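Engineer: Below is the sequence, then the predicted model.
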There are 2 protein chains.
Amino acid sequence: MSEFDLISRYFSTKFPQRSDVDLSIGDDAAICTVPPNMQLVTAIDTLVADVHFPLTTKPEDIGYKALAVNLSDIAAMGATPVWMTLALTCPEFNEIWLQRFSDGLLELARLNQVSLIGGDTTRGPLTITIQITGLVPLNTALKRNGANPGDSIYVTGTLGDAGLGLQVAKQQVVLSTLAKKYTLSRLNRPTPRLQIGQKLLKIATSAIDISDGLVADLGHILNFSNVGASLQIDNLPLSDELLESVPYETAIELALTAGDDYELCFTTPESEVLFIDSCTYIGKIEPDLGLRCVTKTSDIFIPKANGYQHF
Amino acid sequence: MSEFDLISRYFSTKFPQRSDVDLSIGDDAAICTVPPNMQLVTAIDTLVADVHFPLTTKPEDIGYKALAVNLSDIAAMGATPVWMTLALTCPEFNEIWLQRFSDGLLELARLNQVSLIGGDTTRGPLTITIQITGLVPLNTALKRNGANPGDSIYVTGTLGDAGLGLQVAKQQVVLSTLAKKYTLSRLNRPTPRLQIGQKLLKIATSAIDISDGLVADLGHILNFSNVGASLQIDNLPLSDELLESVPYETAIELALTAGDDYELCFTTPESEVLFIDSCTYIGKIEPDLGLRCVTKTSDIFIPKANGYQHF
């Protein structure tokens, strides 16, 4: 099967069609029109087999996650995703694998009305790169550099689940059936917080998605904003499944450093953001540089690791 | 060294800075502004080590070519390149390799004033994916589907050089020093025909870049336009270096099927496009479907191969 047959069978015809895509897959390049008063927001992320996911990961989950991690970057900017491109490198032409991979990718693309506007399929070790483009009203995008002393720090969802899920996938721990299912789902099918990101456009002073772990990613906000923070360790949102599966200290470590959660961390001068579902207050931005993790009894807590290192 | 140090040292600060890039590398995503009355043109291409280039290829040449093949797609649309993202997967952190790779990439990016707006660096088998975005005035982009019977077919530059260069790189042939240098340069440092593409905006009815070989790529124009063509084999532009190195029949085979030339093939109702440098008339679009390769004596010539197969 040629590249062209392959693309058209598995990818080009089934994705959402958007009216702002003037020319999609099939030419040298795609042609798109950007509405007036909107800016483009662009992110690119690669998943490498056996580095970013275990080799045993289901093809559907690989497809789903490859898009989810990119959508999460768009969410962290408060933007709305519109178009994606896919660079798929795989070792062989395997129709069953491609069908399952594209099923997972398609599921999340449809949920968010993202068009696939281009791609490249090549032979080689399994590597998936997706670039996603979003739109945001002019000069409203959320960035990392706007946190101010006195701002409250919030996170969405719960933290640490994906970190435990990775241990499950690698057969390093044995959990209850329910906890196993839940943590694997959090690892393989993270939920990009697009709606929350969009609601934050007029509220947040900074935002980031938690891909490398809370300590590392909040650290970027602090560095870019030239501020510090104190983090209330006992406030960290932890799922029942995480708490029932590991000791409390381990749960906290996972929440702070394991990464792969794809929740949002944001800062806001608002004292209450309870009108946004599933956000938890976890600390305050302070003028003194550095991140101080404190417990209810004001003990200083020092995480053992710093987050996912790419090299 | 962390991903962040790596990106900033080799990539983020040295590339051309454009005023339409509002936020570049360093946040979750880049933010760009599109001028009014312009459309976006987007292409993505992956190079895999040992598939798209021999393992002995110099890092500078890999960086140069990874961008060149993408710019060539932008050229084929008649667009002007503006922004790129880079997904770089490499097996180890090797400062010397990264420096040399980014030198090659940077050379071509500077030549064309392309900003690097984002990227992802990951650990794994050497794979380079670049996505490039260009701008083109509303509804003027060149496509594959507009060729009409009676149109003349042209190509830029010379064909087949890169095909021979690949044989040189793989040590399958021995050439004169000059021919070796020339064909390797054509393989490793193809010239994206951006200026010619832009000049074609008001002239060409269709255009494509020759990445998989003339027969395969002109075939796409014919399929998308629902027309056929006769190709004057003896008109094919062949370099002196190619002609001195291999028998004429081999040169023609390489020109028709070897690919990797990154010249443009286009159709136009104009009988003369001599005001555009380095374009050669090679045939006519005809109503009868299919591609007929004929020689001066009207013999039918049937190429042995059909072009590069991705799978």
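Structural biologist: Sure, I can see it.
Engineer: contacting residues around the residue in the stretch 51-200 of chain A that chain B sits nearest to?
Structural biologist: Of all residues in the stretch 51-200 of chain A, A:Gly124 sits closest to chain B, with a separation of 3.5 Å (C-beta to the nearest C-beta). Placement of C-beta: from N, CA and C, glycine included. Listed by C-beta atoms under 8 Å, 6 or more residues apart in numbering or on different chains, the contact set of A:Gly124 reads A:Thr89, A:Cys90, A:Pro91, B:Val48, B:Ala49, B:Asp50, B:Val51, B:Pro125, B:Thr127.
Engineer: what do you get for A:Ala162?
Structural biologist: By C-beta under 8 Å, 6+ apart, the residues touching A:Ala162 are A:Thr183, A:Arg186, A:Leu187, A:Pro190, A:Ala258, A:Gly259, A:Asp260, A:Asp261, A:Tyr262.
Engineer: Adding distance to chain B, write these out as TSV.
Structural biologist: Conversion of the contacts of A:Ala162 to TSV gives the following (distance: C-beta to the nearest C-beta, whole Å):
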residue	distance to chain B
A:Thr183	24
A:Arg186	20
A:Leu187	18
A:Pro190	14
A:Ala258	17
A:Gly259	12
A:Asp260	14
A:Asp261	14
A:Tyr262	11
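Engineer: Most neighbours of all those residues, which one?
Structural biologist: Using other C-beta atoms under 10 Å in any protein chain shown as the neighbour criterion, A:Asp261 leads the contacts of A:Ala162 with 31 neighbours.
Engineer: The nearest residue to that residue once chain neighbours are set aside: neighbour count?
Structural biologist: Taking C-beta to C-beta, 6 or more residues apart in numbering or on different chains, and ignoring the residues beside it in sequence, A:Asp261 has A:Ile210 as its nearest neighbour in space, at 4.7 Å. A:Ile210 is surrounded by 29 other residues when neighbours are defined as other C-beta under 10 Å.
Engineer: Surely A:Ile210 and A:Thr257 touch.
Structural biologist: No. Taking C-beta atoms under 8 Å as the definition, A:Ile210 is not a contact partner of A:Thr257, at 10.5 Å.
Engineer: Now secondary structure, pLDDT and distance to A:Ala162 too, for the contacts of A:Ala162, in JSON lines please.
Structural biologist: JSON lines is the format used below for the contacts of A:Ala162 (DSSP: H, G, I helix; E, B strand; the rest coil; pLDDT from 0 to 100; distance: C-beta to C-beta, whole Å):
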{"residue": "A:Thr183", "secondary structure": "helix", "pLDDT": "96", "distance to A:Ala162": "7"}
{"residue": "A:Arg186", "secondary structure": "helix", "pLDDT": "96", "distance to A:Ala162": "5"}
{"residue": "A:Leu187", "secondary structure": "helix", "pLDDT": "95", "distance to A:Ala162": "4"}
{"residue": "A:Pro190", "secondary structure": "coil", "pLDDT": "96", "distance to A:Ala162": "7"}
{"residue": "A:Ala258", "secondary structure": "coil", "pLDDT": "90", "distance to A:Ala162": "7"}
{"residue": "A:Gly259", "secondary structure": "coil", "pLDDT": "88", "distance to A:Ala162": "7"}
{"residue": "A:Asp260", "secondary structure": "coil", "pLDDT": "93", "distance to A:Ala162": "4"}
{"residue": "A:Asp261", "secondary structure": "coil", "pLDDT": "95", "distance to A:Ala162": "5"}
{"residue": "A:Tyr262", "secondary structure": "coil", "pLDDT": "96", "distance to A:Ala162": "8"}
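Engineer: Show residues contacting stretch A:168-177.
Structural biologist: Counting by C-beta under 8 Å, 6+ apart, stretch A:168-177 makes contact with A:53-54, A:56-57, A:164, A:167, A:180, A:183-184, A:187-188, A:241, A:244-246, all of which sit outside it.
Engineer: 7 Å - rerun?
Structural biologist: Contacts made with stretch A:168-177 from outside it, assessed by C-beta atoms under 7 Å, 6 or more residues apart in numbering or on different chains, are listed as A:Pro54, A:Thr56, A:Gln167, A:Lys180, A:Thr183, A:Leu184, A:Leu187, A:Ser245.
Engineer: Just those: which are in helices?
Structural biologist: The helices, defined by DSSP state H, take in A:Gln167, A:Lys180, A:Thr183, A:Leu184, A:Leu187, A:Ser245 from these.
Engineer: out of these, what pair is the most spread apart?
Structural biologist: Greatest spatial distance among the ones in helices among the contacts of stretch A:168-177 (C-beta to C-beta): A:Leu187 and A:Ser245, at 13.4 Å.
Engineer: Low-confidence stretches in chain A?
Structural biologist: For chain A, residues meeting the criterion pLDDT under 70 lie at A:1-8, A:12, A:272-276, A:298-311.
Engineer: what about A:Ala258, distance to A:Tyr281?
Structural biologist: Distance check for A:Ala258 against A:Tyr281: by C-beta to C-beta, to the nearest Å, it reads 21 Å.
Engineer: where exactly do the helices run in chain A?
Structural biologist: If you assign secondary structure with DSSP H, the helices in chain A sit at A:3-7, A:59-76, A:95-111, A:161-169, A:177-188, A:194-199, A:214-225, A:240-245, A:248-257.
Engineer: quick one on the thing from earlier: right, and the residue nearest to A:Asp261 touches A:Asp260 too?
Structural biologist: No. With contacts counted by C-beta atoms under 7 Å, A:Ile210 stays clear of A:Asp260, the gap being 8.4 Å.
Engineer: With that, I have no additional questions.
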